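J.: here is the input, now give the coordinates:
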Amino acid sequence: MISPVRTPAGASPRPRSHAHAATRGGAARGPGRIDLPVDEHIGLACWSGLSSVMECAHRHDDIEVNLAEGGALTYLFGGVPVEIAPGTAAAFWAAVPHQLVRAPAHSRVHWITIPLDRFLRWGLTDGLAGRLLQGQPLVATTSTGTLDASGFGRWSADLSTGDPDLRDIALLEIQAWIRRLARAATPVEPAAHADAAHPSGTHGGEAHGSEAHGSEAPQGDETAVERAATMARFIAERFRDPITVADIAAAVHVHPHHAMGVFRNVVGTTLGAYLTQCRVAEAQRLLLTTGAGMAEIAHAAGFGSQSRFYSCFTAACGEPPGAYRRRHDRRRQPRPSLASASSVSRNTVHSSMGTAPSER
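T.: Residues are numbered from 1 along each chain as shown. Below you'll find the model as predicted:
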């Protein structure tokens, strides 16, 4: 099951690269000081191995499955520290920024990644696809003969042959395995977290290094990992609003310069890039699950302008939002309007962990 994690004091080593992390952290600066998130393209894959922590939060437009065997995996998932216990399988939409921050030595893990367009082509129930696209992980305890790791080696071998018949057989088995996972999944338990008050004096604009005067010492014996997690959580809950570095730093009671350094050291990317990742993921979700227009989606996802929405989305996803929607449109049923889906649109990954974002 997924449960909240409190990192022991002093346990904040510099993360190493994850087994499937192909790029490094950081954010490119485009015209107009746009923070571009690190986006990866993994595609259809299945593999097993010893896990190592990731240098940076990343995202990729696939459905990802993790099955931990040798030890618990600790993730920052949508800003929330969560633990995937040994013998537990978890499936989630990897467009939500995530980062493996702790993995025991010699911890064996199995992975599957399925491109979103292929997943949608399976025509699974709206409940299953909808839960994943809302950022809700599917988590279940494995059981021998039903939901175990026995097929991963075979699927990996079949996919690596290049034989289309073996690939299709493997995909049918993977689809059945994920459907069993969905049937066995239990509700995700609310994760405990520091309830950071919304700081006053919020200014319009993006979180890319605004200044603030004065600083406060970190509270108690909170570690760098915990402070970074609190900041990521704050961003995940408030990305629809115009927030600045000063606002984010106030959530952990430190100077903005210190907040930027802590976040970059732990998460491996800038506050601005992480904020953009969250907004792009929300825009992807709205494009896939509603019929809203581009201007409405840009506003609902927190972008200050439609031009910025187009620039950030294209940089992250490799195509403009309209092309992204058209590419996936063949795979889905007619979508509701943004207004009819408004009660759902605010239930992103952080609300699935137990806290809905504050209303505007």
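J.: what packs against the lengthiest helix in the chain?
T.: Assignment by DSSP state H gives helix 164-184 as the longest helix of the chain. If you count contacts as 3 or more Cβ pairs under 8 Å, 6 or more residues apart in numbering; DSSP states H and E, helix 164-184 packs onto strand 62-68, strand 88-93, helix 126-133, strand 138-141, helix 152-161. The way it works is simple: take the backbone N, C-alpha and C, and place the C-beta from them, glycine included.
J.: nearest residue to Arg227 in space, please, no chain neighbours.
T.: Val252 (4.7 Å; Cβ to Cβ, 6 or more residues apart in numbering).
J.: that neighbour and Ala232 touch, don't they?
T.: No: judged on Cβ atoms under 8 Å, Val252 makes no contact with Ala232 at a distance of 10.6 Å.
J.: ok, these two, which is more surrounded?
T.: Ala232 (29 against 23; other Cβ atoms under 10 Å).
J.: hey, what's the angle from whichever strand or helix holds Ala281 to helix 126-133? Just curious.
T.: Using DSSP states H and E, Ala281 falls within helix 271-289. Taking axes from the mean of the first three to the mean of the last three Cα atoms, to 10 degrees, one finds helix 271-289 and helix 126-133 inclined to each other by 170 degrees.
J.: for the helix or strand following helix 271-289, packing partners?
T.: Using DSSP H and E, the helix or strand that follows helix 271-289 in sequence is helix 294-300. Here helix 294-300 touches helix 271-289, helix 306-317, helix 321-329, going by 3+ Cβ pairs under 8 Å, 6+ apart.
J.: ok now do Leu133, which residues does it touch?
T.: Trp93, Arg285, Leu288, Thr289 (Cβ atoms under 8 Å, 6 or more residues apart in numbering).
J.: er, Phe303 I mean
T.: Going by Cβ under 8 Å, 6+ apart, the list of residues near Phe303 reads Arg279, Ala283, Phe309, Cys312.
J.: out of those, who's nearest Arg183?
T.: Using Cβ to Cβ, the shortest approach to Arg183 within the contacts of Phe303 belongs to Ala283, at 30.7 Å.
J.: what's around that closest one, how many residues?
T.: For Ala283, using other Cβ under 10 Å, the count is 25.
J.: residues in contact with the residue nearest to it when sequence neighbours are not counted?
T.: Excluding the flanking residues, the one nearest Ala283 by Cβ to Cβ, 6+ apart is Ala301, at 4.2 Å. Going by Cβ under 8 Å, 6+ apart, Ala301 touches Phe239, Arg240, Arg279, Val280, Glu282, Ala283, Leu286, Phe309.
J.: can you give me the neighbour number for the last one?
T.: Pointing back at Phe309 there. Neighbour tally, Phe309, other Cβ under 10 Å: 23.
J.: try the one 3 residues further on
T.: The tally of other residues near Cys312 (other Cβ under 10 Å) stands at 27.
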